[in-house]
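Chemist: here's a sequence, model it:
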Amino acid sequence: MRVELIAPTWRKKIQEKRAKRAKVFKIPPLGLLNVAAVTPPDVEVSLTDENVEEVDFDKPVDLVGVTVMTSTAPRAYEIADEFRKRKIPVVLGGPHVSFMKEEAIQHADSVVIGEAEGAWERLIEDFKRGGRSSLKKFYENEKKPDLAKIPFPRWDLLKKDSYIVTKVLHVTRGCPYNCSFCSVSRLFGRKIRYRPVDKVVDYIEKNIGESLGSRFFVFLDDNIMANRKYAKELFQALIPYKIIWMSQSSVNAAYDEELLSLAAKSGCKALFVGLETLSEESLAEIGKSQNRIGFYEEAIRRFHHYGIFVEGAFIFGFDHDKRDVFERTIRFVNKVKLDGVQYTILTPLPGTALYKKIEEEGRFIDRDWSNYDCGHIVYQPKNMSPEELQAGLNWAYKRTYSLGSIFTRLTGIFSGGRGKYLVPLFIFNLGYRRTCKNMFKKAWNPNRAGSGGRENGS
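Modeler: This next block holds a predicted model:
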């Protein structure tokens, strides 16, 4: 039996409007690697990431599994429909279809809801027993998978030359917070589950070598330091292996300097941190009371002191955001010398409290899932027009990744012994700059009187 797993890209018409992302921004599809890991050993598995290669619709396979995020849903449905035309059964899974199962089943033989481990094995057994006719419409676990019992991802399926980092994994699932725009707690629960530290260490020990690349890992946990006791135990155990790793964390991790010290000693070089906004009203709006804006600057200083680079994430489009939000955010970014910055548009994704709120208020203006990529406006903002919000995002990116801003932010690299990474950080920022220049050919300053001026940046 042969199974093909596919991670779709955007629909062609949307993809053509974007710059092709640099290799550094391409992350292997961890969800599918986890699915492959729990597939029975007598089943042959292949994987296609459409972000780095084309789908082969003529490949001789018995079953196709497609992972679906909201922005890739239209393309995922196109792929599924094409395989089904060829009489090959298709299974859809992932966050989007977990919340939109009735929509998804119109394009599939089965839909896996929520986490795949457990449900996927049952589906495979049904298929082995009776083929397409034995598949149920929906598969879902009664309980969350026990991370102590599931295998690690199948990195061997990746086309390694297509990515900077291939050693991606998670050590925890779940998030104790419940931000209104995020579906993580709905998908994975608010109780954090962990892989046993000894199993993580054993797996890493077996997969490191002498080269830099072989020692580089990315933990794709939503908040790797959410449970400080577990995180400290893990980081302490990793110290002897001299790996390099990156992950995501809440800004609140910086309250615990022992935690930051252990993270640094264990090889942590960079964290993606959701700062979200500089407005207390906006934090209250999304239920992110755990963030304290008055602590942001000190938190970033502490991360830097311990040699940890910070990519800060901000969201535009909250109901309290006005036209000055873009310039205020850029000033802060340059002041605290963030190493990297991601800006997104507040996006009501299915399954979130925000989606329900926007639906109830009748504010949706776009139902094309392709545009639910956190870069397009799909609802009516409160204090700006959609055009002003889109222009503000474009302008913020071009200003932040202008050469002047890059050099300003990089002057902070000499704290915490980070100076030796100046060249890689500069290259990383240039990658963002190239992407921005291609995506946003023209960006007008939304703060300028009349909003009619244009500014292309440097």
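Chemist: packing partners for the longest helix anywhere in the chain?
Modeler: Counting residues, the longest helix found in the chain (DSSP state H) is helix 422-439. Secondary-structure packing of helix 422-439 (3 or more Cβ pairs under 8 Å, 6 or more residues apart in numbering; DSSP states H and E): strand 340-345, helix 386-400, helix 403-410. In short, each C-beta sits where N, CA and C put it, glycine included.
Chemist: single out the most deeply packed of these.
Modeler: Of all those, helix 386-400 carries the top mean neighbour count, a mean of 23, counting by mean count of other Cβ atoms under 10 Å.
Chemist: circling back to that earlier point, using JSON lines, lay out the helices and strands packed on helix 422-439 together with mean pLDDT and distance to Phe326.
Modeler: Formatted as JSON lines, the helices and strands packed on helix 422-439 follow (pLDDT from 0 to 100; distance: least, Cβ to Cβ, whole Å):
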{"stretch": "strand 340-345", "mean pLDDT": "96", "distance to Phe326": "9"}
{"stretch": "helix 386-400", "mean pLDDT": "94", "distance to Phe326": "4"}
{"stretch": "helix 403-410", "mean pLDDT": "95", "distance to Phe326": "13"}
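Chemist: check the secondary structure at Leu260 for me.
Modeler: helix (DSSP: H, G, I helix; E, B strand; the rest coil).
Chemist: what of Arg328?
Modeler: Going by three-state DSSP: Arg328 is helix.
Chemist: what sits against the nearest residue to it once chain neighbours are set aside?
Modeler: Leaving aside its chain neighbours, Arg328 sits nearest to Leu278 (6.0 Å; criterion: Cβ to Cβ, 6 or more residues apart in numbering). Each residue near Leu278 by Cβ atoms under 8 Å, 6 or more residues apart in numbering is listed here: 293, 296, 325, 328-329, 332.
Chemist: quick one, which of the residues you listed are buried?
Modeler: By neighbour count, with 16 or more other Cβ atoms under 10 Å, the contacts of Leu278 hold 293, 296, 325, 329, 332 as buried.
Chemist: what helix or strand does the second one sit in?
Modeler: Secondary structure assignment for Tyr296, by DSSP states H and E: helix 296-305.
Chemist: checking my notes, the residue nearest to Arg328 in a strand, right?
Modeler: No: applying three-state DSSP, one finds Leu278 to be coil, outside a strand.
Chemist: thinking again about what came up before, as a markdown table, the buried ones among the contacts of Leu278 with pLDDT would be great.
Modeler: A markdown table is the format used below for those (pLDDT from 0 to 100):
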| residue | pLDDT |
| --- | --- |
| Ile293 | 95 |
| Tyr296 | 97 |
| Val325 | 97 |
| Thr329 | 98 |
| Phe332 | 97 |
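Chemist: these: which two are farthest apart?
Modeler: For the buried ones among the contacts of Leu278, the maximum inter-member distance is 15.2 Å, found between Tyr296 and Val325 (Cβ to Cβ).
Chemist: would JSON lines of the buried ones among the contacts of Leu278 with distance to Arg84 be doable?
Modeler: Putting the buried ones among the contacts of Leu278 into JSON lines (distance: Cβ to Cβ, whole Å) gives the following:
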{"residue": "Ile293", "distance to Arg84": "50"}
{"residue": "Tyr296", "distance to Arg84": "49"}
{"residue": "Val325", "distance to Arg84": "45"}
{"residue": "Thr329", "distance to Arg84": "45"}
{"residue": "Phe332", "distance to Arg84": "50"}
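Chemist: closest one of those residues to Glu205?
Modeler: Closest to Glu205, out of all of these and judged by Cβ to Cβ, is Tyr296, at 36.5 Å.
Chemist: could you find the closest non-adjacent residue to the closest one?
Modeler: Leu275 (6.0 Å).
Chemist: please export the C-alpha coordinates of the helix holding Tyr296 as CSV.
Modeler: Only the C-alpha atoms of helix 296-305 are listed here, as CSV (Å, rounded to 0.1, in the frame of the first residue of the first chain):
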residue,chain,number,x,y,z
TYR,A,296,8.5,44.5,26.7
GLU,A,297,11.6,46.6,26.6
GLU,A,298,13.2,45.0,29.6
ALA,A,299,12.2,41.5,28.3
ILE,A,300,14.0,42.1,25.0
ARG,A,301,17.0,43.4,26.9
ARG,A,302,17.1,40.2,29.0
PHE,A,303,16.8,37.9,26.0
HIS,A,304,19.6,39.8,24.3
HIS,A,305,21.7,39.7,27.5
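Chemist: run the chain-centre distance for that helix.
Modeler: Centroid separation between helix 296-305 and its chain, computed with Cα atoms, centre = their mean, to the nearest Å, is 23 Å.
Chemist: circling back: now the longest helix of the chain: buried residues?
Modeler: 425, 428-429, 431-433, 435-437, 439.
Chemist: using a markdown table, lay out those residues together with pLDDT.
Modeler: Converted to a markdown table, those look like this (pLDDT from 0 to 100):
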| residue | pLDDT |
| --- | --- |
| Leu425 | 93 |
| Phe428 | 90 |
| Asn429 | 92 |
| Gly431 | 86 |
| Tyr432 | 87 |
| Arg433 | 88 |
| Thr435 | 79 |
| Cys436 | 76 |
| Lys437 | 73 |
| Met439 | 65 |
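Chemist: just flag the most distant two among those.
Modeler: Leu425 and Met439 (21.3 Å).
Chemist: any idea which helix or strand comes after the helix or strand bottoming out on mean pLDDT in the chain?
Modeler: Ranked by mean pLDDT, DSSP states H and E, the weakest helix or strand in the chain is helix 12-15, scoring a mean of 55. From helix 12-15 onward toward the C-terminus, using DSSP H and E, the following helix or strand is helix 30-38.
Chemist: just to revisit the earlier point, helices or strands up against the helix holding Tyr296?
Modeler: On a contact count with 3+ Cβ pairs under 8 Å, 6+ apart, helix 296-305 meets helix 257-265, strand 268-276, strand 309-316, helix 325-336.
Chemist: list the beta-bridge partners for Val218.
Modeler: On the basis of DSSP bridges, Val218 is bridged to Val168, Met246.
Chemist: hang on, I meant Leu63
Modeler: Counting by DSSP bridges, the residues bridging with Leu63 are Val3.
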